[in-house]
Each structure stands twice: as C-alpha cells, then as structure tokens.
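Peer 1: After the sequence you'll find the predicted model.
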Amino acid sequence: MPVFTLTLSLLTALTTVTQTPPAACAPVVAADQKQITTPHHTYITRMRGNTTETNESITTADATYIQVHGQWRRSPMTAQQMLEQKRENIKNAKTFECQLVREEAVNGTAATLYHVHTVAEDVGTSDGQIWIGKSIGLPLKEELDLDAGDEQTKSHTSLRFDYTNVQAPPGVK
C-alpha cells in the first residue's frame, strides 16, 4: 500500500461497504472529510516486521506534498479527487464499523477516541483508533493495524497531525 494512502487518513488506508456508513461512524467520516481541505502536517511511522519507516505529508490550501525517503513531491490528486476516492472506498468496503471508546486528551487537547474496524477485499482487515479533537473536529492522532492475510503484509502505522503554521515544503512546486 503506498505511503500516500496512509498519509491522508485512517479511512483511506482502511477502506476499499456497499452501504451508507453506520451512524456511529458519522463523526469519524466528518473529521476525515474536513481534514482533506484543512491545511495540516502529518507525521507517519510505519512498522512492518523488523522495518520501521518514517514519512511526512503536508496539505496546504491548494496541494498535498508527500515526503518519501527524504524527498518531497507534489501529489497529483486534488482535494476533490481525494474526497471522491474516500467516498468510493467507504461505499465498497465489506465491513465498516466505528465505536466510541472514551474521551481523553491528546497532548493537552480534549479529544474523542473511536475504534474503527474495516474489512476490504483488496486491502484486508484493519483495526484503528482515531482521536478527534473536540473543539476542531479534526483528527489529532491515529493508530492503525493492517492485516492483508499473511505475516509479510501485517503492519502498524502511527499518524500525528499538526494544524498550526502549515506551509508547503521549500523548493517543491
């Protein structure tokens, strides 16, 4: 699975439900969709087997930039294309379930923690936790475990989001 998919949010990585998302998922879907058009910096750590990989992405008002192996590049996808892809992914997932877990703080910010479970034919099974900031309605942090069916494809990804002073990386057009 490309790093780009994981940088955008839990839902993109999780899904690929021939149904409307359950009501319990409404806050998760709303936060995810709001994030697409909100400038933010994402810090990603992905562990698979004995390998750990760190990456970043930056979303500004007009573009998303992805850092892979220390190199920044501009994503060819527009915010509208990302939103359409996420909606399609949710629609096509076999299982898409959300459960409110508890209220807790993330770095001093009040948040609501949700557990998200998804089964998608081409992605596998994923279980994740997403902390949504109560005052901003945006994801603050995510933890995602993905299992596509064998030891080689199991991974754990941690994402942290920052919404302050977001600027495009220098030198990337």
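Peer 2: Received it, and whenever you're ready, just let me know what you need.

Peer 1: Would you confirm that Arg46 contacts Leu146?
Peer 2: No: contact status for Arg46 versus Leu146: not in contact, 9.4 Å apart, counting by Cβ atoms under 8 Å. C-beta: built from backbone N, CA, C; applies to glycine.

Peer 1: Spit out the residues that contact these two alike.
Peer 2: Here Arg46 and Leu146 share the contacting residues 155-157, scored by Cβ atoms under 8 Å, 6 or more residues apart in numbering.

Peer 1: Just the buried residues of these.
Peer 2: 155, 157 (16 or more other Cβ atoms under 10 Å).

Peer 1: can you put the shared contacts of Arg46 and Leu146 in a markdown table and add secondary structure, pLDDT and distance to Thr64?
Peer 2: Listed next are the shared contacts of Arg46 and Leu146 as a markdown table, based on DSSP: H, G, I helix; E, B strand; the rest coil; pLDDT from 0 to 100; distance: Cβ to Cβ, whole Å:
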| residue | secondary structure | pLDDT | distance to Thr64 |
| --- | --- | --- | --- |
| Ser155 | strand | 88 | 22 |
| His156 | strand | 93 | 23 |
| Thr157 | strand | 93 | 17 |
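
Peer 1: Ala111: which of the shared contacts of Arg46 and Leu146 is nearest?
Peer 2: Taking Cβ to Cβ as the measure, Ala111 sits nearest to Thr157 out of the shared contacts of Arg46 and Leu146, at 18.6 Å.

Peer 1: thinking again about what came up before, quick one: which of Arg46 and Leu146 has more around it?
Peer 2: The residue with more neighbours, out of Arg46 and Leu146 and counting by other Cβ atoms under 10 Å, is Leu146; that gives 22 against 19.

Peer 1: Reduced to three states, what does Tyr114 come out as?
Peer 2: Using DSSP: H, G, I helix; E, B strand; the rest coil, the secondary structure recorded for Tyr114 is strand.

Peer 1: ends of stretch 45-60, how far apart?
Peer 2: 21 Å (Cα to Cα, to the nearest Å).

Peer 1: Mind listing what's buried along that stretch?
Peer 2: Applying 16+ other Cβ under 10 Å to stretch 45-60 flags 46, 55-59 as buried.

Peer 1: same deal with stretch 129-142?
Peer 2: When burial is assessed from 16+ other Cβ under 10 Å, stretch 129-142 yields the following buried residues: 130-133, 136, 138-142.

Peer 1: Among these, which pair sits farthest apart?
Peer 2: Comparing the members of these, the greatest separation, given Cβ to Cβ, is between Ile136 and Glu142, at 15.0 Å.
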